[in-house]
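J.: quick one: sequence plus predicted model below, questions after.
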Amino acid sequence: MRRAYDARVCGGSFGGLAAAQQMGGRVVVLDRLGIGEGEASASAIPLACLANMGMAHVIDQVHEDIVIHTRRRSQVLRFFPFSTFDYRRFCMDLFQRTGADFVRARIRSARAGRVETTEGVFEAPVVVDAAGWRTAAPRAERQAARAPRKSFGIEARQPFRGEGLHFYVGPSRGNRRFYWAFPAGDHLRAGLATYTGESDLSDDLVRFCHDLRLGEPGPVHGGFFTSRLIDPVRDGMFLVGDSAGMCLPVSGEGIRPALVYGQVAGRLAERVRTGEMTLPEALAAYRGIVASRARGYRILDRLQTVLGLLPDPLFAAFARAVAGDRVLP
């Protein structure tokens, strides 16, 4: 007989694990890949996030500077320290803290109270959909349930060292590419992304690695990510991370929003389990919290569109403006 659960979490990466960590009772995490597999991120995050979570031991390298390189100049920004970290160790450690069960299975559909997978049907009062851009929506509804802005990025790990998080801005052709080189201790993560949804980026990555004299790209990982908020509640479920389009436009930060909103969803789900709130009350509270940030997302979304079209000199001027004392804080 299959074990009864209080909550089911679809997705075993940042958002899903952050939610599961906040829940008591019996929780199961479902994912088509093992915990710590399928890295699709550059794995860089503000240092304070890892410190606040007690995760300093997974840090590969700390960076004080963010450097934006346009064709004519480079601009150094200093927001606050960022860190590159070990994705697998982070996920494995966070999963151990959840106390949850894990079932490796492909999710076919998910609705309130019921998740259908290749390993059978799981029933529980609370469901968190943190399955990424694919979402855990039923197959027939999947396309309509996805966030409308879908971007794509790929990355390779090269045997080089360095300092600072470096972004390289490609020329504007209406589909500008954004490249990065993130040192991470004994290696460097070199990659690129486009906000148009174009996914044929392999040749661009080869050229980028050659331009930086990094040699041929090593094993490549990556995938789609979403950056336009949609309703974070669907079919009686909490949506977290790329399932709700929570990746920040412009910066491409997806880890921090997934962790933050995953924790929020998990805490509200725990209040449902303990009887402090009904599920509709918790879902309404979650929707309100996410909606309170929607205006900021809309502004960044419009800015992202503009930056993809700006002529290179104007993009360089934008980078200089952002680095100014009046704007940066």
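T.: Now that the structure is in, tell me what you want to look at.

J.: what's the following helix or strand after the worst-scoring helix or strand of the chain on mean pLDDT?
T.: Using mean pLDDT, DSSP states H and E, helix 142-145 stands out as the lowest-scoring helix or strand of the chain, at a mean of 70. Next along the chain after helix 142-145, taking DSSP states H and E as the criterion, comes strand 150-158.

J.: how far does that following strand sit from its chain's centre?
T.: Taking CA atoms, centre = their mean, to the nearest Å, one finds strand 150-158 lying 13 Å from the centre of the chain it belongs to.

J.: stretch 185-197 too?
T.: Its chain's average C-alpha position is 14 Å from that of stretch 185-197, according to CA atoms, centre = their mean.

J.: any idea how far apart the tips of it sit?
T.: Using CA to CA, to the nearest Å, the end-to-end distance of stretch 185-197 comes to 31 Å.

J.: now do it, average pLDDT.
T.: Stretch 185-197 comes out with an average pLDDT of 91.

J.: would you mind confirming that Glu116 is in contact with Arg106?
T.: No: Glu116 lies out of contact with Arg106 (CB atoms under 8 Å); the separation is 10.0 Å. (C-beta placed from N, C-alpha, C; glycine too.)

J.: report how many residues lie close to Glu123.
T.: As a burial measure, Glu123 scores 12 neighbours (other CB atoms under 10 Å).

J.: ok, now the one 3 residues further on?
T.: The criterion is other CB under 10 Å. On that basis, Val126 has 28 neighbouring residues.

J.: phi first, then psi, for it.
T.: Main-chain torsions, Val126, degrees, to the nearest 10: phi -120, psi 140.

J.: tell me how far it lies from Gln158.
T.: Taking CB to CB, to the nearest Å as the measure, Val126 and Gln158 are separated by 42 Å.

J.: quick one: contacts for the most centrally placed residue in the chain?
T.: The chain has Gly254 as the residue nearest its centroid, 2.8 Å off, counting by CA atoms, centre = their mean. With contacts defined as CB atoms under 8 Å, 6 or more residues apart in numbering, the neighbours of Gly254 are Phe14, Ser41, Phe225, Ser227, Gly241, Asp242, Met246, Cys247, Leu248.

J.: pLDDT score for the fourth one?
T.: Put plainly, it is Ser227. pLDDT, Ser227: 85.

J.: thinking again about what came up before, which of Glu116 and Arg106 has more neighbours?
T.: Glu116 (17 against 13).

J.: ok, the helix or strand hosting Tyr179: who's next to it in the sheet?
T.: Using DSSP H and E, Tyr179 maps to strand 177-183. According to DSSP bridges, strand 177-183 forms sheet pairs with strand 165-169 (antiparallel), strand 188-194 (antiparallel).

J.: can I have that strand written out in PDB, keeping just the CAs?
T.: Output of strand 177-183 as PDB, limited to C-alpha atoms (Å, rounded to 0.1, in the frame of the first residue of the first chain):
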ATOM      1  CA  ARG A 177      22.700  37.300 -26.700                       C
ATOM      2  CA  PHE A 178      24.000  37.800 -23.200                       C
ATOM      3  CA  TYR A 179      27.100  35.800 -22.300                       C
ATOM      4  CA  TRP A 180      28.800  35.200 -18.900                       C
ATOM      5  CA  ALA A 181      32.000  33.900 -17.400                       C
ATOM      6  CA  PHE A 182      31.600  32.900 -13.700                       C
ATOM      7  CA  PRO A 183      34.700  31.600 -11.900                       C
END
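
J.: wait, Ser236 sits on Asp129?
T.: Just to correct that, residue 236 is Gly rather than Ser. No: the pair Gly236 / Asp129 is not scored as a contact, 10.5 Å apart, by CB under 8 Å.

J.: more neighbours: which of these two?
T.: Taking neighbours as other CB under 10 Å, Gly236 and Asp129 compare with Asp129 leading, 32 against 16.
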